[in-house]
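In: how would this look folded up:
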Amino acid sequence: MKKRVLFVPLFIGLIFFNSCDRVKKAFHETFSDENQRQEELSDAFNNPNSGTRNGKDEVGREKTIEDAMKELRTIINEHDNVFDKQQMEKVEEMVKKEMEKWGNTEFFLLFQPDKLDKIQEELYLFLNTDEVMLYSSPIFVDYDRVRVVAVNPKNKSEVDWYSYETKTDKWRKQEPKKLSKNDLEHMDKNIYPFSTIKLSTAHQVYTEALKRLADIEGGELPSGPTYYHNRQLWSMILRGSRADYKFEADKDGNVIKFEMN
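Out: Numbering: from 1, shown residues only. Take a look at the predicted model:
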């Protein structure tokens, strides 16, 4: 009986000791982390350049954008610098603003006609066919991607969206394009060879649009042109602070319309 009485206080003591140890550990972890956090906040307040958001990372980001701007100038100069000095300054201003807004430095696809030609050729390899047939949906050519709707070479009744992105530098198959019974019955009228147009024409259309945008107050860098096969033209909307404008070019990139919306 005495042994049992001795064991009870000993057992309670062990529990109390362990509990204290855990409380001590929790206290240390909690307030140690809090102290560290307070030190970091104090350091950030007293030395703004020490923070990851306002210091090293921000400087690095600015350097990345500046490097990207140098790359842009090089690319444009390689293609005979289609802009005069005033236009070039405006283009640089708009591109840099978009980079800072979205944190994206891949804005150059539309300035590289040779790259666009290569991208077009690569879709033939991706689909393993001698002739890519496109469905008569719009073709989107943007800063860093191209999107088309192409016919499955192995099954003419299937069409899908395909996308090229600069970050991967390759094509990939995306979602299917839903067709109706009427679409399938008139399939021959709804498809056309990819070879009848050139993606690089988007470069010509885009640069012509940017030349005009340089004279528009508060002009914003536009998305790339969209090609409409049924109308045989490229189309863009140019946005300014006082008015928006419609810009259109024919299949070969010749300007056919530039007017206020």
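
In: longest single strand anywhere in this structure?
Out: strand 155-165 (DSSP state E).

In: Other residues contacting that one?
Out: Contacts with strand 155-165, where a contact means CB atoms under 8 Å, 6 or more residues apart in numbering, come from 119, 122-123, 126, 135, 144-152, 170-177, 179, 184, 187. C-beta coordinates here come from the backbone N, C-alpha and C atoms, glycine included.

In: Select from these every entry located in helices.
Out: Ile119, Glu122, Leu123, Phe126, Leu184, Met187 (DSSP state H).

In: Only the buried members of those: can you turn that into a ChimeraX selection?
Out: Burial among these is assessed by 16 or more other CB atoms under 10 Å; the matching ChimeraX selection reads:
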select :119,123,126,187
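
In: Any chance of TSV for the ones in helices among the contacts of strand 155-165, columns pLDDT and distance to Glu106?
Out: Output for the ones in helices among the contacts of strand 155-165, formatted as TSV (pLDDT from 0 to 100; distance: CB to CB, whole Å):
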residue	pLDDT	distance to Glu106
Ile119	98	14
Glu122	98	17
Leu123	99	20
Phe126	98	20
Leu184	95	38
Met187	95	36
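
In: residues contacting the residue sitting nearest the centre point of the chain?
Out: Residue closest to the mean C-alpha point of the chain, counted by CA atoms, centre = their mean, is Asp144 at 5.8 Å. Contacts here follow CB under 8 Å, 6+ apart; on that basis Asp144 touches Asn104, Glu106, Phe107, Leu109, Glu165, Thr166, Lys167.

In: Model confidence for Asn18, exactly?
Out: On the pLDDT scale, Asn18 is placed at 48.

In: which phi and psi does Thr129 have?
Out: phi -150, psi 150 (degrees, to the nearest 10).

In: give me the number of residues near it?
Out: Using other CB atoms under 10 Å, the number of residues around Thr129 comes to 16.

In: For it, give its distance to Val255.
Out: To Val255, Thr129 is 33 Å away according to CB to CB, to the nearest Å.

In: Are we agreed that Leu210 is in a helix?
Out: Yes - with DSSP: H, G, I helix; E, B strand; the rest coil as the criterion, Leu210 is located in a helix.

In: Cool, thanks, signing off.
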